[in-house]
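**Q** below are the sequence and a predicted model; questions follow.
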Amino acid sequence: METAYLVVPLIGEKSKGKKGLVEPKAEPTFQCYSRDDAEQRARRVSERDKYVGALAVAQEYDKETGELGKFEEIARFGMVPEDVTE
């Protein structure tokens, strides 16, 4: 199995039912070179004005079959909901 290191940027969208509250929404993920690169890039993304947070993860996968293996959360920065990885 190989490992993909990914960052999930989160933008804030105003909640429809809750006045004034912001709900983080995942933007398209992007791949990084290593575990450290993913953590550093997630930190930098979370510090940009456009984003409310970012999540760095590692996902094992089989290149031949497409089967997914172990999933690991590396780091969370800013406003990241608990259930974002489900």
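**A** Received the coordinates, thanks.

**Q** with only the CA atoms kept, save the least confident helix or strand in the chain by mean pLDDT in PDB.
**A** Within the chain, confidence by mean pLDDT, DSSP states H and E is lowest for strand 22-26 among all helices and strands, at a mean of 82. Extracted in PDB, the C-alpha atoms of strand 22-26 (Å, rounded to 0.1, in the frame of the first residue of the first chain):
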ATOM      1  CA  VAL A  22     -20.600  30.000  10.500                       C
ATOM      2  CA  GLU A  23     -20.400  26.400   9.400                       C
ATOM      3  CA  PRO A  24     -17.100  25.100   8.100                       C
ATOM      4  CA  LYS A  25     -17.500  23.500   4.600                       C
ATOM      5  CA  ALA A  26     -14.700  21.400   3.000                       C
END
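
**Q** that one: which residues count as buried?
**A** Using 16 or more other Cβ atoms under 10 Å as the test for burial, strand 22-26 gives 23-24. Placement of C-beta: from N, CA and C, glycine included.

**Q** quick one: contacts for the residue sitting nearest the centre point of the chain?
**A** Closest residue to the average C-alpha location of the chain: Val8 at 2.3 Å, with Cα atoms, centre = their mean. With contact set as Cβ atoms under 8 Å, 6 or more residues apart in numbering, Val8 has these partners: 26-27, 29, 42, 54-57, 84.

**Q** how about it: what's its closest non-neighbour residue?
**A** Spatially, and ignoring its direct neighbours in sequence, Val8 is nearest to Leu55 (4.3 Å; Cβ to Cβ, 6 or more residues apart in numbering).
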